[in-house]
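**Q** Give the three-dimensional model of this entry:
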Amino acid sequence: NSRGTASLLKDSISLTDVSALGLFEGHDLLRRGFTSVKNELLPSHPLELTEKNFQLNQDKTNFATLRNIQGIHAPLKLQMEFRAVKQVQRLPFLHSSNMAMDILRGNDECIGFEDILNDPSQSEVMGEPHMMMEHKLGLL
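**A** Next up, the predicted model:
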């Protein structure tokens with residue numbers, strides 16, 4: 001039964017697991033760090049998923065409110081501005097404060113947890129500049 005085999009293969013291998021180098025690619029410790037099976041199985045706390053999606057949920061609520069008050073053109077214009085700001089980037093190994101995004105969201109005058117305890121000079125994601133540029137350009 002070829003139809004049953006195709007559905008089994010489709011269900012057993014997700015498309016996100018397959019990379020450009022193949023299904024059996026090794027984990028890149030230099031770029032992604034150490035893996036933890038516990039973190040991949042379940043969130044550590046029930047509120048963790050809510051906190052991870054907080055900004056997305058807040059944006060959806062703001063867009064819905066803006067649409068009800070001003071019409072559909074206002075959230076569309078704001079979403080286009082968000083996309084334009086996200087396209088502007090620094091080099092991949094430099095920390096970016098995303099000041100333009102904070103201004104669009106109205107967070108430029110707020111002091112949050114990440115402003116005080118997220119010092120980019122102490123970041124663990126800082127990598128070797130040449131390797132990161134080669135990866136971004138597709139040379140590595």
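**Q** so where do the helices sit in this structure?
**A** In the chain, the helices defined using DSSP state H lie at 2-12, 29-32, 37-41, 48-52, 54-70, 73-87, 99-105, 113-117, 129-137.
**Q** Any idea which of these gets closest to F93?
**A** helix 129-137 (4.3 Å; Cβ to Cβ). Where C-beta positions appear, they are placed from N, C-alpha and C, glycine not excepted.
**Q** What helices and strands are in contact with that closest one?
**A** The contact analysis (3 or more Cβ pairs under 8 Å, 6 or more residues apart in numbering; DSSP states H and E) places helix 129-137 against helix 29-32.
**Q** circling back to that earlier point, kindly reformat the helices of the chain as CSV containing mean pLDDT, mean neighbour count and distance to F93.
**A** CSV is the format used below for the helices of the chain (pLDDT from 0 to 100; neighbours: other Cβ atoms under 10 Å; distance: least, Cβ to Cβ, whole Å):
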stretch, mean pLDDT, mean neighbour count, distance to F93
helix 2-12, 46, 9, 37
helix 29-32, 71, 10, 11
helix 37-41, 68, 7, 25
helix 48-52, 84, 11, 25
helix 54-70, 93, 12, 24
helix 73-87, 92, 13, 18
helix 99-105, 89, 15, 19
helix 113-117, 77, 9, 19
helix 129-137, 84, 13, 4
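**Q** How much space separates the closest residue to L91 other than its chain neighbours from L139?
**A** In space, L91 comes closest to M133 once its chain neighbours are excluded; the distance is 6.8 Å by Cβ to Cβ, 6 or more residues apart in numbering. To L139, M133 is 8 Å away according to Cβ to Cβ, to the nearest Å.
**Q** ditto for D102
**A** 33 Å.
**Q** And K60, by the same measure?
**A** Applying Cβ to Cβ to K60 and L139 gives a distance of 38 Å.
**Q** Repeat that for R32.
**A** 19 Å.
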